[in-house]
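K.L.:
3D, please:
(one chain, ligands or ions: 1)
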Amino acid sequence: MTISIWRYSHLALAVSSFLLLTLASVTGILLAFEPIAKKTQPYRVDGVEQLTLAQSLPVLQKRYPEITEISVDAHQFVLLKGSDASGETVEAYVNPKTGEILGTPQKQSEFFLWVTDLHRSLFLKGMGRFFVGLTAFLLLLITISGTILIIQRQRGIKRFFTSIVKDSFAQYYHVVLGRLSLIPIFILALTGTYLSLERFELIKSEQVSTQVDFDAIKTGPAKPLAEMAVFQDISMAEVESIEFPFSEDPEDYFTLQLKDREVAVNQITGDILSEVRYPTTQKLTTLSLDLHTGRTSIVWAIILLVASGNILFFIYSGFAITFKRRANRIKNKYPAKEARFILLVGSENGSTFHFAQAVYRQLLKQGKKPFLAELNQYTTYPKAEHILVFTATYGLGDAPTNAKKFATLVQSVPQAQPVQFSVVGFGSKAYPDFCQFAFEVHQALSQQPWATALVDVHTVNDRSPQEFSLWAEAWSSQAGLPLMVLPELRQVPAQKLETFTVTATTAQQHEEGTFLVRLKPAKRLKVTSGDLLAVYPENDHRERLYSVGLVDNALQVSVRLHPNGLGSGFLHRLTPGQTLQAKLVPNPHFHFPKKAPAVVMIANGTGIGPFLGMIGQNSPKTAIHLYCGFRSSASFSTYQGYLEEQQSAQRLTYLQVAFSREGAKQYVSDLIDRDATFIANMLSTGGVLMICGSLAMQKDVTALLETICQTKLGQSLSHYQSRGQLLTDCY
Ligand SMILES: Cc1cc2nc3c(=O)[nH]c(=O)nc-3n(C[C@H](O)[C@H](O)[C@H](O)COP(=O)(O)O)c2cc1C
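P.N.:
Got it, this is the predicted structure:
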């Protein structure tokens, strides 16, 4: 059964009952004050549990010679009816130990009577009682479906009470308070349902009473009350009422209604004349009343009060969650078959839609034809040029409900024309499988012959606008479309830029146009190899990002000159001593891992840039294995001397180079294939793989890694990826 069935049931039940549930909760809150108010009245005497009837009745009889009835209510107030020594009628709460009068019963408050009537029957008698009973039953089902939802959310019963990641206010407290008040609400609902069933005689609760054989009644030997065994065995707390004999005739006897039975007692000898146990249904009715009203315990009454208040909060927060989800319903301006930009969303609670919609609006503004749909609605898009996937991850790294079918669909529904795609994962690092589903989608699309990744998969932790804007930057520069998704973040205020001086450059030294530029910031900046340097070649909104390595205390970028390249041309023209304005963008998802036992670095071309810095800084001597690919030994020569130095200083353990246009004409993926067993061992022992370079290389290498993981480790690559064992930064 999928989570959505439970969620829809939970919602449908809540929607169908929320009006009556609100009424029942508000009146329930008011009614909870009745037992609380009663309990504070001074008619209760401590120690009633230990006080036997043999101790109490003689004292009471001495003070009140004519007692007709004693009753003990749910609050353990002892009410005595009869007359005192002077013949005055008494109807009062007494101290059962001394007979002292504690107070007289007051008429039940009109207000509470009114509220009780509203709570029980909506002032509509039988019909109202039916609806109230139905509401209690629906509440029971809501509690059950809610419990199942929490179990699914927490990934199992055992983790039911483990901490909850804070998503939105309404979501978080709906779950947190739901867990806390689950039991009292379940009891309220169950007892309410039971009482209604009993009221409509669907559960039969027959009244039973004692049958006395008058012929067998003995007239002696007489015993004082205090010595009658039956009274010695019964405590005052067990009593509901005691009917006293009408006269001194042996045929008149005591009738004791206790919590679980009725007993008739010979007033002269103390013999038990008859005893009947109440049927289970009757006991359950009493228990249900006790539990539903809180009349027996002030603590329980307070718990019920809080639980009723929580029901009101659940109604509010449940609707808040639902409205947020429904706000994301999709209205497309163009049909799917006309659209060039297909935006597919995987979202459980709706927040991912906001990001996708921002992109959708931007594309519309620019006169493009976008189409927004859920991942499950994936189909053929005859005019599509771009597919953009925005997806959250749920459960154990699983797809959100509206994306569960995508993996199958994408295999069976190919696009007829080449399409460039990009995947943005939304997730939270609080979960072990960070953005796993996004990695799976990226992987699934990469394997389609018609699909080419335009940019590397990007992840967004806790809906960070900054991280999202990093994707927007990368995608818009590759797609050649300015994407003002987050204008406030995209503005580049001049004061935020830092000044950097060019200390060295190898521009124009190599035929391929790959060169290194070293920069020194004017002031000390916090930077780690793998962070990005953002440059603004034309001093406008156009930003170009380069991965930096920290080499010899300078920032080094490794750049390939593109014909007419805006950023690469700008960097290529720089000469030593020149200054430029740029900024550093933290890129923590591509930092050298702090705890890995070993790291495998895979690069092609300029992708080696950040690795040069990481290797140079590898003072703890973590085993680093570098696999890199170049066109020729000439293009490798830029880095060769430096890498050999690192090897002799034991900062680099293993170096493997593939040349695609020389000698064996190998690609870096051929080297990985050759060392597949070693790579599998690395992953299984907690090693980390880092890939930097072209997206085409990344596609080949990850396809290969997928096969290695499946065949040698029995896991998918995304399993390791979501656990931070595969870090990629490709372009
Ligand atoms: C019950 C639950 C489970 C989640 N599991 C994961 C997970 O395994 N991995 C992850 O990266 N994020 C996980 N998340 C975080 C969500 O993916 C993240 O909050 C996302 O931004 C939600 O997007 P949405 O509102 O569009 O559904 C989980 C969130 C919830 C509430």
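K.L.:
ok, now which ones touch residue 356?
P.N.:
343, 345, 372, 388, 390 (CB atoms under 8 Å, 6 or more residues apart in numbering). Placement of C-beta: from N, CA and C, glycine included.
K.L.:
which strand or helix spans residue 185?
P.N.:
helix 169-199 (DSSP states H and E).
K.L.:
restrict the contacts of residue 356 to those near the ligand?
P.N.:
Near the ligand, judged by CB under 6 Å from any ligand atom, there are no entries from these.
K.L.:
switch these over to CSV; also include neighbour count, pLDDT and secondary structure.
P.N.:
Below are those laid out as CSV (neighbours: other CB atoms under 10 Å; pLDDT from 0 to 100; DSSP: H, G, I helix; E, B strand; the rest coil):
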residue, neighbour count, pLDDT, secondary structure
343, 23, 97, strand
345, 29, 96, strand
372, 26, 96, strand
388, 24, 98, strand
390, 29, 97, strand
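K.L.:
how about residue 20: what's its closest non-neighbour residue?
P.N.:
Excluding the flanking residues, the one nearest residue 20 by CB to CB, 6 or more residues apart in numbering is residue 135, at 4.2 Å.
K.L.:
any idea how far that neighbour is from residue 564?
P.N.:
Applying CB to CB, to the nearest Å, the value for residue 135 to residue 564 is 71 Å.
K.L.:
who's more crowded, those two?
P.N.:
Using other CB atoms under 10 Å, the more surrounded residue of residue 135 and residue 564 is residue 135, with 25 against 6.
K.L.:
close to the ligand, is the helix or strand hosting that one?
P.N.:
For residue 135, the host element (DSSP H and E) is helix 125-153. Yes. Contact of helix 125-153 with the ligand (CB under 6 Å from any ligand atom) involves residue 153.
K.L.:
for the ligand, what are the nearby residues on this protein?
P.N.:
Applying CB under 6 Å from any ligand atom, we find that the chain lies next to the ligand at 153, 167, 347-352, 392-394, 397, 400, 426-428, 431, 433-435, 463.
K.L.:
and these, which of them are in strands?
P.N.:
392, 426-427 (DSSP state E).
K.L.:
dump the residues you listed to JSON lines, plus pLDDT and neighbour count.
P.N.:
Formatted as JSON lines, those follow (pLDDT from 0 to 100; neighbours: other CB atoms under 10 Å):
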{"residue": "392", "pLDDT": "96", "neighbour count": "26"}
{"residue": "426", "pLDDT": "95", "neighbour count": "28"}
{"residue": "427", "pLDDT": "91", "neighbour count": "25"}
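K.L.:
show me what contacts the residue of the stretch 151-300 of the chain found nearest the ligand?
P.N.:
Sorted by distance to the ligand under CB to the nearest ligand atom, the residues of the stretch 151-300 of the chain start with residue 153, at 4.2 Å. The contact partners of residue 153, by CB under 8 Å, 6+ apart, come to 164, 175.
K.L.:
try residue 155
P.N.:
Residues near residue 155 by CB under 8 Å, 6+ apart: 395-396.
K.L.:
what about it, helix or strand, and which?
P.N.:
Residue 155 belongs to no helix or strand when assigned by DSSP H and E.
K.L.:
and residue 602, helix, strand or coil?
P.N.:
strand (DSSP: H, G, I helix; E, B strand; the rest coil).
K.L.:
that one touches residue 704, doesn't it?
P.N.:
No. Residue 602 is not in contact with residue 704 according to CB atoms under 8 Å; the separation is 10.2 Å.
K.L.:
and the longest helix seen in the chain, what's buried?
P.N.:
Longest helix in the chain by number of residues (criterion: DSSP state H): helix 3-39. Within helix 3-39, the residues that qualify as buried are 3, 6-7, 9-11, 13-14, 17-18, 20-21, 23-35, 38-39, counting by 16 or more other CB atoms under 10 Å.
K.L.:
ok, now stretch 114-131?
P.N.:
The neighbour-count check on stretch 114-131 (16+ other CB under 10 Å) flags 115-116, 118-122, 128-131 as buried.
K.L.:
repeat for stretch 688-706
P.N.:
For stretch 688-706, the neighbour count (16+ other CB under 10 Å) marks 688-695, 697-702, 704-706 as buried.
K.L.:
tell me the contacts of the residue in the stretch 351-500 of the chain that the ligand sits nearest to?
P.N.:
Of all residues in the stretch 351-500 of the chain, residue 427 sits closest to the ligand, at 2.2 Å by CB to the nearest ligand atom. Each residue near residue 427 by CB under 8 Å, 6+ apart is listed here: 392-393, 434-436, 438, 459-461.
K.L.:
7 Å instead, please
P.N.:
Applying CB atoms under 7 Å, 6 or more residues apart in numbering to residue 427 gives the contacts 392-393, 434-435, 459, 461.
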